[in-house]
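J.: Pasting a predicted model and its sequence here:
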Amino acid sequence: MSILFTPITIGSVTVPNRFVRSATHDYMADDAGNVTDRQIQLYSRLAEGEVGLIITGHANVQPSGKASPRQTGVFDDRFVEGLARIPAAVHQFPSRVFLQIAHAGRQTKEKLCGCVPVSPSAVYDPVSKLMPRELADDEIRLLIADFVSAGGRAKRAGFAGIQLHAAHGYLLSSFLSPHTNRRADEWGGPLENRARVVLEILRGVKAACGRDYPVIVKLNSTDFLEGGLTLEDAVRMARMLEAGGIDAIEVSGGMAEAGRGSVWAGLRSEAEEGYFVDNAARIKAAVRVPVFGLGGIRTLAAAERIVESGRADLISMSRPLIRDPFLVKHFREGAASRSACISCNKCFNPRGISCAELKK
Ligand SMILES: Cc1cc2nc3c(=O)[nH]c(=O)nc-3n(C[C@H](O)[C@H](O)[C@H](O)COP(=O)(O)O)c2cc1C
Ligand code: SF4
């Protein structure tokens with residue numbers, strides 16, 4: 001049997017195979033951030049389709065952290081009841097589901113988040129064309145507390161674990177990046193200081209939810225930006241996270257203003273599949289916790305090669321599972337050996353993610 005269909009443990013949780021649905025914002029919550037029937041249907045199909053670990057789209061831990069329309073909220077206890085419907089649906093299957101918790105930082109707009117977007121430092125964002133407001137020390141402490149509260153809500157809702165979104169230029173990744181974090185206090189400067197927010201959140205969630213409640217991270221491995229986060233920093237960061245008790249690391253990269261984000265368009269040759277896997281392999285060599293390989297993985301053969309060669313322990317995919325939520329089952333049954341996704345990026349549909357190619 002292929003290694004891809006063997007189980008693996010992430011902290012205290014057993015995942016039935018090596019396939020991960022990478023966090024994917026679905027534009028399907030209601031306008032207030034509540035979970036809807038459409039989302040329950042989406043997650044049930046992914047579980048029925050045998051995705052081992054499903055990571056939800058990013059849920060915002062503060063109202064100011066809302067990145068997109070119809071984003072799921074986790075910033076108040078009132079969301080717990082609705083959120084609980086997701087694990088209740090998914091955990092009827094062997095699949096496990098983690099909630100991704102996030103704050104948009106400066107990558108949002110006033111009309112979405114209801115305030116001047118915030119950032120570790122006031123560094124102009126050429127994509128949203130705004131100058132964010134620098135967070136005060138007490139606001140950073142509140143941010144940590146709100147991430148920890150969100151983790152507690154995820155646990156109460158029945159999620160098998162959480163993922164901290166520390167990638168793609170959102171707030172946690174902008175603390176890690178020397179480009180967006182130019183602070184001279186305990187939250188900025190050397191990596192130990194830039195990492196403090198993420199490490200404090202990790203410590204807080206583990207204290208609140210118990211050491212065995214799985215906390216994983218999606219980590220930028222590079223910002224692709226002069227003066228931004230480097231792979232060397234990311235490798236050190238991974239070691240710090242491991243020492244802090246992180247249960248797994250999903251390796252991503254990119255930042256909108258670098259002109260090179262995380263969702264690369266265009267089909268790649270099989271040799272080019274897994275555009276962040278080289279970085280994942282570097283991080284995997286430095287830690288013992290499971291590492292997820294990511295980025296344009298489309299074929300069963302490439303997925304198998306990545307795990308068998310020890311470059312990553314799990315395979316994350318987003319767009320292929322928008323194209324076909326049953327892809328993993330089809331792989332297992334031998335009904336498919338590659339995703340039909342052509343990486344055209346037309347699935348970013350504000351009325352709800354869907355594959356535009358299928359509608360043609
Ligand atoms: C519609 C869409 C929404 C996404 N939303 C998120 C998100 O909420 N959080 C996140 O970490 N990444 C998000 N991503 C990035 C994916 O998780 C993934 O890292 C990226 O698409 C590369 O994987 P792929 O080539 O398999 O699609 C999103 C991607 C797409 C296409
Ligand atoms: S629209 Fe369909 S084919 Fe295009 S990237 Fe999205 S899932 Fe893939």
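T.: All right, it came through fine. Ligands and ions are numbered 1, 2, ... in the order given.
J.: Alongside ligand 1, which residues does the stretch 151-300 of the chain contribute?
T.: For the stretch 151-300 of the chain, the contact set with ligand 1 under CB under 6 Å from any ligand atom comprises 165, 167, 218, 252, 262-263, 294-297. For every residue, glycine as well, the C-beta is placed using N, CA and C.
J.: Try it again at 5 Å.
T.: Counting by CB under 5 Å from any ligand atom, the stretch 151-300 of the chain comes close to ligand 1 at 218, 262-263, 296.
J.: Look up how far A286 lies from E232.
T.: Note on E232: its distance to A286, by CB to CB, to the nearest Å, is 10 Å.
J.: Please tell me how far V263 sits from P320.
T.: Distance from V263 to P320, counting by CB to CB: 12 Å.
J.: higher neighbour count, the two?
T.: P320 (25 against 17; other CB atoms under 10 Å).
J.: related to what we said a few turns ago, show only the entries of the residues of the stretch 151-300 of the chain next to ligand 1 found in helices.
T.: The subset of those located in helices under the criterion DSSP state H is empty.
J.: returning to that earlier point: and E232 and A286? Which one has more around it.
T.: The neighbour count for E232 versus A286, taken as other CB under 10 Å, is higher for A286 (15 against 11).
J.: Which positions in the stretch 1-150 of the chain make contact with ligand 1?
T.: 22-25, 57-58.
J.: shouldn't W264 be in contact with G274?
T.: No - contact criterion CB atoms under 8 Å: W264 and G274 do not qualify, at 11.1 Å.
J.: how much space between the residue of the stretch 151-300 of the chain found nearest ligand 2 and F93?
T.: The stretch 151-300 of the chain approaches ligand 2 most closely through A265 (7.8 Å), counting by CB to the nearest ligand atom. Remark: distance between A265 and F93 (CB to CB) = 32 Å.
J.: who has more neighbours, the two?
T.: Neighbour tally, A265 and F93, criterion other CB under 10 Å: the higher count belongs to F93, 18 against 11.
J.: in the stretch 251-360 of the chain, which spans are helices?
T.: Ranges of helices within the stretch 251-360 of the chain are 277-284, 300-308, 319-323, 327-333, 356-359, based on DSSP state H, counting those that start in this stretch.
J.: quick one, which of those helices is nearest to T36?
T.: helix 319-323 (17.2 Å; CB to CB).
J.: What is that closest one packed up against?
T.: If you count contacts as 3 or more CB pairs under 8 Å, 6 or more residues apart in numbering; DSSP states H and E, helix 319-323 packs onto helix 327-333.
J.: change it to 10 Å
T.: Under the contact definition 3 or more CB pairs under 10 Å, 6 or more residues apart in numbering; DSSP states H and E, helix 319-323 sits against strand 19-21, helix 37-48, helix 327-333, helix 356-359.
J.: Deepest-packed of the ones you listed, please.
T.: Greatest average neighbour count among the helices and strands packed on helix 319-323 goes to strand 19-21 (a mean of 29), per mean count of other CB atoms under 10 Å.
J.: who does it pair up with?
T.: strand 53-60 (parallel), strand 314-317 (parallel) (DSSP bridges).
J.: where's it relative to the chain centroid, distance-wise?
T.: 11 Å (CA atoms, centre = their mean, to the nearest Å).
J.: related to what we said a few turns ago, mind giving me a markdown table with the helices of the stretch 251-360 of the chain and columns for mean pLDDT?
T.: Listed next are the helices of the stretch 251-360 of the chain as a markdown table, based on pLDDT from 0 to 100:
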| stretch | mean pLDDT |
| --- | --- |
| helix 277-284 | 98 |
| helix 300-308 | 97 |
| helix 319-323 | 98 |
| helix 327-333 | 98 |
| helix 356-359 | 88 |
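J.: mind giving me TSV with these and columns for distance to P117?
T.: As requested, the helices of the stretch 251-360 of the chain are exported to TSV (distance: least, CB to CB, whole Å):
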stretch	distance to P117
helix 277-284	28
helix 300-308	36
helix 319-323	27
helix 327-333	36
helix 356-359	29
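J.: Make a markdown table out of those and add distance to ligand 2.
T.: Conversion of the helices of the stretch 251-360 of the chain to a markdown table gives the following (distance: least, CB to the nearest ligand atom, whole Å):
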| stretch | distance to ligand 2 |
| --- | --- |
| helix 277-284 | 19 |
| helix 300-308 | 16 |
| helix 319-323 | 4 |
| helix 327-333 | 11 |
| helix 356-359 | 4 |
